[in-house]
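[1] after the sequence you'll find the predicted model.
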2 protein chains.
Amino acid sequence: MTIPDDPRFIATRNLALDAAFKIFHSESVLAVTHASVSKETGISRSTLYRHWPEVAQLRKDAMLRAARPPVIAPRTNGPLKADLNWMLGLLMAALNETPWGKIAPQMIATAAIDVDAKSAINGFMEDRRKDVMSVFEAAEKRGELVSDAPIENLIEMAIAVPYHRKLISGLPLDYAWLDEHVEVLCRLALR
Amino acid sequence: MTIPDDPRFIATRNLALDAAFKIFHSESVLAVTHASVSKETGISRSTLYRHWPEVAQLRKDAMLRAARPPVIAPRTNGPLKADLNWMLGLLMAALNETPWGKIAPQMIATAAIDVDAKSAINGFMEDRRKDVMSVFEAAEKRGELVSDAPIENLIEMAIAVPYHRKLISGLPLDYAWLDEHVEVLCRLALR
DNA sequence: TATCTATGCAACAAAATGTTCTATAAGTGC
DNA sequence: GCACTTATAGAACATTTTGTTGCATAGATA
């Protein structure tokens, strides 16, 4: 669908997607329909059908809008342990306290059957990988990294565990756990 | 809902749930409806409504039926590296080659909003935790474990990474990766 | 055999979903 | 400002999906 640059069209689209996102994260992706978005926004149903002939497309667009997770600014001052704590602490907070944590499971399920959702998720995971990577690289430059454990595996472990905990095993993500997690990572990286 | 022990009722229920599971894993949980199961099985719609007045209940039952993942038999002969390779190799195969791997994302999404799905997932994750636990405990008995890294964290890392890889980051789960993963785990456990 | 009950089927009701048309108002080019 | 284009609102309508009910039938039970 080509998107006209008519300001009315753009305004309607933004209004609709904001509402769709709101419905998505306060209820579920299933609750996002032409009818519910119409009710939420006052936009007429026929207009919404003009913008999104298929409800699946509307839901996906709402998801892609949702897929702008909080920006995480890593610190690389050192020491490694402090930097990891900072960076993973921000990730933890994002998972615990922003809509992202609530939406992520549904995005993952959608990613399993939809290419766009998958690439959105992958893009986000890639960003997180780079964040952690920059932390480890800074540590290496400082000469802190003495282990020969592959950095890729360290990065994967650093990120996988909090995600698994939050999204799959349902265990709590808190600072007590985070401290231990970082401790084990440093044990791997620094010895 | 109390389940009558009338064989007709039981037969209908099993037939319906088998079909629901099939639809679930070949299409998606959304494709499971009274109508689609009726079409698939020949069971009349009214009968299906009698069994499951709510479609959500039907979907959940289909999921709980699906939630019998392949049984994984851990080996504990040692050495640790071989045991981990075996155990995690089975887990990997299950994620790659059985319906479980395909269904898991949708179960996770459902678990985020449904208590029963959540406890099904948690039950399965707990089984996996025990599997890995038994491997590490056997290694400890043999005196292999010399690290003071907390076993709980090792277990979490062992499992979280393959799940994250398969379900979230979308990276491939293969033996090349598995070898490295196990290598890093052993580095943590054995030094 | 007599009784109970799950099922199939058809008819129906209600709600959700999708389509089309027209009047109107907002934006665009001159 | 004026003519033209286009997006929207709203209503009317068709279609599909979803949910309900009554009754005849056949399988289960005792």
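    Yes, it's here. Numbering: from 1, shown residues only, chains lettered A, B, ... in the order given.
[2] and the helix or strand A:R8 falls within, is it in reach of DNA strand C?
    Using DSSP states H and E, the element containing A:R8 is helix A:7-26. Yes - Helix A:7-26 lies within reach of DNA strand C by CB under 7 Å from any atom of the strand, at A:P7, A:R8. Quick note: C-beta positions are derived from backbone N, CA and C, even for glycine.
[3] quick one: list the elements packing against that helix.
    When contacts are defined as 3 or more CB pairs under 8 Å, 6 or more residues apart in numbering or on different chains; DSSP states H and E, helix A:7-26 packs onto helix A:34-41, helix A:45-51, helix A:55-66, helix A:99-111.
[4] turn those into TSV, columns for distance to B:K39, mean neighbour count and mean pLDDT.
    Shown next, in TSV, are the helices and strands packed on helix A:7-26 (distance: least, CB to CB, whole Å; neighbours: other CB atoms under 10 Å in any protein chain shown; pLDDT from 0 to 100):
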stretch	distance to B:K39	mean neighbour count	mean pLDDT
helix A:34-41	26	18	98
helix A:45-51	27	15	98
helix A:55-66	21	19	91
helix A:99-111	24	22	87
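[5] and the ones you listed: which comes nearest DNA strand D?
    Among the helices and strands packed on helix A:7-26, helix A:45-51 comes nearest to DNA strand D, with 3.5 Å by CB to the nearest atom of the strand.
[6] wait, which of the helices and strands packed on helix A:7-26 is closest to A:L17?
    For A:L17, the closest of those is helix A:55-66, at 5.0 Å, according to CB to CB.
[7] can I get the CA coordinates of that closest one in CSV?
    Output of helix A:55-66 as CSV, limited to C-alpha atoms (Å, rounded to 0.1, in the frame of the first residue of the first chain):
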residue,chain,number,x,y,z
VAL,A,55,-7.1,-6.8,10.1
ALA,A,56,-3.8,-8.8,10.2
GLN,A,57,-2.1,-5.8,8.5
LEU,A,58,-3.6,-3.4,11.1
ARG,A,59,-2.3,-5.6,13.9
LYS,A,60,1.1,-5.9,12.4
ASP,A,61,1.4,-2.2,11.9
ALA,A,62,0.4,-1.7,15.5
MET,A,63,3.0,-4.1,16.5
LEU,A,64,5.7,-2.5,14.4
ARG,A,65,4.9,0.8,16.1
ALA,A,66,5.2,-0.9,19.4
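[8] how far off helix A:34-41 does it point, in degrees?
    Orientation note: helix A:55-66 sits at an angle of 50 degrees relative to helix A:34-41 (axes from the mean of the first three to the mean of the last three CA atoms, to 10 degrees).
[9] quick check: buried residues in the helix or strand that helix A:55-66 is followed by?
    Using DSSP H and E, the helix or strand that follows helix A:55-66 towards the C-terminus is helix A:80-97. Within helix A:80-97, the residues scored as buried using 16 or more other CB atoms under 10 Å in any protein chain shown are A:80-81, A:83-92, A:94-95.
[10] got a list of what the residue positioned nearest the centre of chain A touches?
    The residue lying closest to the centre of chain A (CA atoms, centre = their mean) is A:P69, at 4.6 Å. Counting by CB atoms under 8 Å, 6 or more residues apart in numbering or on different chains, A:P69 touches A:A94, A:T98, A:W100, A:F124.
[11] try 7 Å
    Residues in contact with A:P69 (CB atoms under 7 Å, 6 or more residues apart in numbering or on different chains) are A:A94, A:W100, A:F124.
[12] domain ranges for chain A?
    A:7-66, A:80-190 (automatic domain parsing).
[13] ok now the longest one, how far from the chain's centre?
    This means domain A:80-190. Taking CA atoms, centre = their mean, to the nearest Å, the mean C-alpha location of domain A:80-190 is offset from the chain mean by 11 Å.
[14] again, but for the first one
    Distance of domain A:7-66 from the chain centroid (CA atoms, centre = their mean) equals 20 Å.
[15] ok, residues contacting stretch A:53-61?
    Contacts for stretch A:53-61 (CB under 7 Å, 6+ apart): A:L17, A:A20, A:V29, A:V32, A:T33, A:H34, A:W52, A:D114, A:D116, A:A117.
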